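*Asks:* I'd like to go over a predicted model; first the sequence, then the structure.
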Amino acid sequence: MTTMDVRNAALVDQAPARRSWWKALLADRGAMLALLVLTLIVLAAVFAPLLAPFDPNANSRAVMQPPAWSERGNWQHILGTDGQGRDILSRILYGTRLTLLIALVAIGIGGVIGSGLGLLSSMYPRLDPWVMRLNDMMLSFPAILLGLAMVAVFGPGVWPIILALAVASIPDCARIARSIGIGVMSQEYIEAGRAVGLTDWTIFRKYLLRNSISSIMIFLSLRFGQVILIGAALSFLGLGARPPASELGMMAAQGRDFLLFAPHIVAVPSVAIFIIVLCANVTGDALRDVLDPRLKS
Amino acid sequence: MAEPLLSVRSLEVRFRLDGRSMRAVDDVSFDLQKGQTLGIVGESGCGKSVTSLSIMRLLPSPPAQVAAGEVLLEGRDLLKLSEREMRKLRGGRIGMIFQEPMTSLNPVYTCGDQIIEGLRVHSGLSGKAARDRAIELLELVRLPSPEKRIDDYPHQLSGGQRQRVMIALALANDPAVLIADEPTTALDVTIQSQILDLMRDLQERTGTAIMLITHDLGVVAETCQQVVVMYAGSVIERGPVDKIFADPQHPYTIGLMAAVPRMDAGRARLASIPGSLPPPWQNIPGCRFASRCPLADNRCQAEMPRLREVTPGHDVACWKAPIEGAG
């Protein structure tokens, strides 16, 4: 190794303020566990057709069978069966699939529109009051009410729910993106970029968006958990997926009638929701801790 | 004298805030000749940066508004250009360097990418040609091992190195005018002098005219040929650097000169100018410096002095000028 190599190696060593967040994340045991569980859940949801022991919609005589570990349970239906004798494990796998899909699409649409609006209004102060007042108006509608309205217009189903959740996510995302964007816009490199003669579009893409995207992504990952909860709540109210499709919130709602003699029908999907939301939140929190420079010091 | 390269004529900039309209820059005029360095001096808030940003048309509007005046670059009034034409000039004919090298580069792109972007926009270079030119520029600003540094992110460079990259960025498309807004304020003294040397050297090589904004009189004495002294938004003294330093005529300039710490002054307290800048929304009929001026009388309070020539090429806005034996 020549002296030059040594010097370069030293430079590389101090350089990665970028790589070290991985290390920070790896060092956070709780976050790694949450990430692992979340990954397993996503994989299970994706490969539901391969993993599910039964057809999720097939009825059987064995109704309201408790889970395998309880007295009257058996290992054929590991998590028991619901009021119509459908295998709960299979339904959970398919239900998670639908729930995650709803949440992802909703957060995707809401996140893109919301953060787009927020960043635009941070970039153009003229636009700001208009976007933000519109935003305040949207904030004043609870997601449940939006869901009801969508269902009233389009009828119950997955898409009205996705639409309602997306619309409900827009104002929050816009607020957060705007405040992040204002911070970025006040940096001197924005002015420097303008002084080089870059177009607004380039400034938006390469300066504003690129510098705020990580903070926005963290917010979205936190928001993801909430969206799943609201989605489940809407399904619970009967506004979501239509039977016989399985969705976690709807499964819990269907178990409501048997709460006293077969509590597992409600408990199992509720626990699934709980685990997904918890993991999403812990992961989002950890991401914020390791990525957000403002929280670093 | 020859036709100036950049000429600012009676520029007036107003800020509208909370329904109040205030003058940040009032009747500012100066000329920048080809290949020259012009220093703009004044304390914080005197309108130096607002002047430079309005030349670039980079002031946020609202609240800022250029109320009057013209900015002529090679005879063209920049204030009348369309946004698209102006964009071509920014980073093309006019380059700009900022005060804070630590924050004036985009942290998510490599230095090379940022220079190449500037080249792509103005010179239409791309690919290998742009990269070669970027390396050439980094070599020009004497960044060590440019072919490696070009792929570094800004956070991997020191403040002085980043300022060199900024200069490379500003010079990328051979600008006629380089506006340097306090380019050395955030750097420590040894790096300051290196950067100033570099700018002087580059000026000799490329013939770029430099407009240097600073509050450091030492920097002005070292680098500029012409000086404009600003106070509370207007030009109060203007002239060649040797005249201003040898024989300052405005009481404010005299005070500034006296406030420069000297190596031979021993342990005496530093001189200062009592009082502070009047708030910009205050309407003052007379000289804006009158409240702090030891020589002020009734006329100074009542009537605004205009710039007038005391010796050829040396203009002062003061009723008391010429002041004998000052400085």
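*Replies:* Alright, I've got the coordinates. Numbers count the residues shown, from 1 in each chain, chains lettered A, B, ... in the order given.
*Asks:* give the helix, strand or coil label for B:Phe30.
*Replies:* Three-state call for B:Phe30 (DSSP: H, G, I helix; E, B strand; the rest coil): strand.
*Asks:* name whatever forms a beta bridge with it.
*Replies:* B:Val8 (DSSP bridges).
*Asks:* against B:Leu307, how distant is it?
*Replies:* According to CB to CB, to the nearest Å, B:Phe30 and B:Leu307 sit 10 Å apart. (C-beta placed from N, C-alpha, C; glycine too.)
*Asks:* which neighbours do those two share?
*Replies:* Here B:Phe30 and B:Leu307 have B:235, B:238 as joint contacts, going by CB atoms under 8 Å, 6 or more residues apart in numbering or on different chains.
*Asks:* buried sites along stretch A:30-41?
*Replies:* A:31, A:34-35, A:37-38, A:41 (16 or more other CB atoms under 10 Å in any protein chain shown).
*Asks:* wait, stretch B:281-298
*Replies:* Buried residues in stretch B:281-298, defined by neighbour count with 16+ other CB under 10 Å: B:286-293, B:296.
*Asks:* from the residues you listed, pick the one nearest B:Glu74.
*Replies:* Comparing the buried residues of stretch B:281-298 against B:Glu74 with CB to CB places B:Arg288 closest, at 32.8 Å.
*Asks:* give me every residue that touches the spatially closest residue to the closest one that is not a sequence neighbour.
*Replies:* Of all residues not flanking B:Arg288 in the chain, B:Ala232 sits nearest, at 4.1 Å (CB to CB, 6 or more residues apart in numbering or on different chains). The contact partners of B:Ala232, taken as CB under 8 Å, 6+ apart, are B:46-47, B:277-278, B:280, B:288-289.
*Asks:* per-residue pLDDT, residue 231?
*Replies:* By default, I'm working from chain A. For A:Gly231, the model assigns a pLDDT of 84.
*Asks:* switch to chain B, please.
*Replies:* 89.
*Asks:* which element is B:Ala180 on?
*Replies:* strand B:177-181 (DSSP states H and E).
*Asks:* same check on B:Cys287?
*Replies:* Going by DSSP H and E, B:Cys287 is not in any helix or strand.
*Asks:* number of residues surrounding B:Glu222?
*Replies:* Neighbour count of B:Glu222, defined by other CB atoms under 10 Å in any protein chain shown: 16.
*Asks:* wasn't it part of a helix?
*Replies:* Yes. Under three-state DSSP, B:Glu222 falls within a helix.
*Asks:* report pLDDT for it.
*Replies:* In this model, B:Glu222 carries a pLDDT of 85.
*Asks:* for it, which non-adjacent residue is closest in space?
*Replies:* B:Leu196 (6.3 Å).
*Asks:* buried set for the helix or strand harbouring the one you found?
*Replies:* Per DSSP H and E, B:Leu196 falls inside helix B:189-206. For helix B:189-206, the neighbour count (16+ other CB under 10 Å) marks B:191-192, B:194-196, B:198-199, B:202-203 as buried.
*Asks:* again with stretch A:249-261
*Replies:* Quick answer for stretch A:249-261 (16+ other CB under 10 Å): A:249-255, A:258.
*Asks:* in chain A, which spans are helices?
*Replies:* A:3-14, A:20-27, A:29-46, A:48-51, A:88-123, A:128-139, A:143-154, A:158-185, A:188-195, A:200-202, A:210-236, A:248-255, A:264-291, A:293-296 (DSSP state H).
*Asks:* export these to a markdown table and tack on distance to B:Pro183?
*Replies:* Shown next, in a markdown table, are the helices of chain A (distance: least, CB to CB, whole Å):
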| stretch | distance to B:Pro183 |
| --- | --- |
| helix A:3-14 | 25 |
| helix A:20-27 | 32 |
| helix A:29-46 | 43 |
| helix A:48-51 | 61 |
| helix A:88-123 | 27 |
| helix A:128-139 | 32 |
| helix A:143-154 | 52 |
| helix A:158-185 | 23 |
| helix A:188-195 | 12 |
| helix A:200-202 | 24 |
| helix A:210-236 | 24 |
| helix A:248-255 | 60 |
| helix A:264-291 | 32 |
| helix A:293-296 | 26 |
